[in-house]
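> Predicted model follows, preceded by the sequence.
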Amino acid sequence: MTPRRTTPAALTAAALAVLAPAAPTPASAEAGADCTVKVTGSTVAAHCHNPNSRTDRVRLHVECARWWDVDTDGAPADVTPARSADLTGRCWKEVTSAWVSHRAL
């Protein structure tokens, strides 16, 4: 078996293929509701407003810091055009992270 030789040009092409950024995806004209999430102690509150013409189903997700504290996925809420929704969640102790997921309807 003969050893393979790699030319500098081949190495450069391989490096560029790995380092090249992915093509940007076009942003949707209607990305969904605008949501702000606020954590105060062990309580999470999210306020979502939908400025778009499509309904957005939003859902609050809360990840708790303690292993024994149950993470929660709140009930989904449909935010119709030009409307708002308030979502709440909590942990018994500290909150590690909280976010809102979106699904266009």
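Here it is on my side, so go on.
> quick one, helices of this protein?
8-19 (DSSP state H).
> which residues of it score low on pLDDT?
Along the chain, segments meeting pLDDT under 70 span 1-30.
> now with 80?
Along the chain, the parts satisfying pLDDT under 80 run over 1-31.
> residue ranges of the strands in it, please?
Per DSSP state E, the chain carries strands over the ranges 34-40, 43-49, 56-64, 72-73, 77-79, 84-90, 95-104.
> Output the contacting helices and strands for the fifth one.
With contacts defined as 3 or more C-beta pairs under 8 Å, 6 or more residues apart in numbering; DSSP states H and E, the packing partners of strand 77-79 are strand 43-49, strand 56-64, strand 84-90. Backbone N, C-alpha and C define where each C-beta goes, glycine included.
> what about residue 58, how many neighbours?
Residue 58 has 21 neighbouring residues, counting by other C-beta atoms under 10 Å.
> beta partners for it?
Residues in a beta bridge with residue 58, per DSSP bridges, are residue 77, residue 102.
> do you know how far the closest residue to residue 59 other than its chain neighbours is from residue 90?
Distances taken as C-beta to C-beta, 6 or more residues apart in numbering place residue 76 nearest to residue 59, at 4.5 Å, with adjacent residues excluded. Distance from residue 76 to residue 90, counting by C-beta to C-beta, to the nearest Å: 18 Å.
> Name the residue in these two with the higher neighbour count.
Neighbour totals were compared for residue 76 and residue 90, and residue 90 leads with 18 against 14 (other C-beta under 10 Å).
> I'd say the more buried one and residue 40 touch.
No. Using C-beta atoms under 8 Å, residue 90 is not in contact with residue 40; the gap is 9.8 Å.
> With respect to burial, which of the helices and strands packed on strand 77-79 scores highest?
Mean neighbours per residue, mean count of other C-beta atoms under 10 Å, is largest over the helices and strands packed on strand 77-79 for strand 56-64, with a mean of 21.
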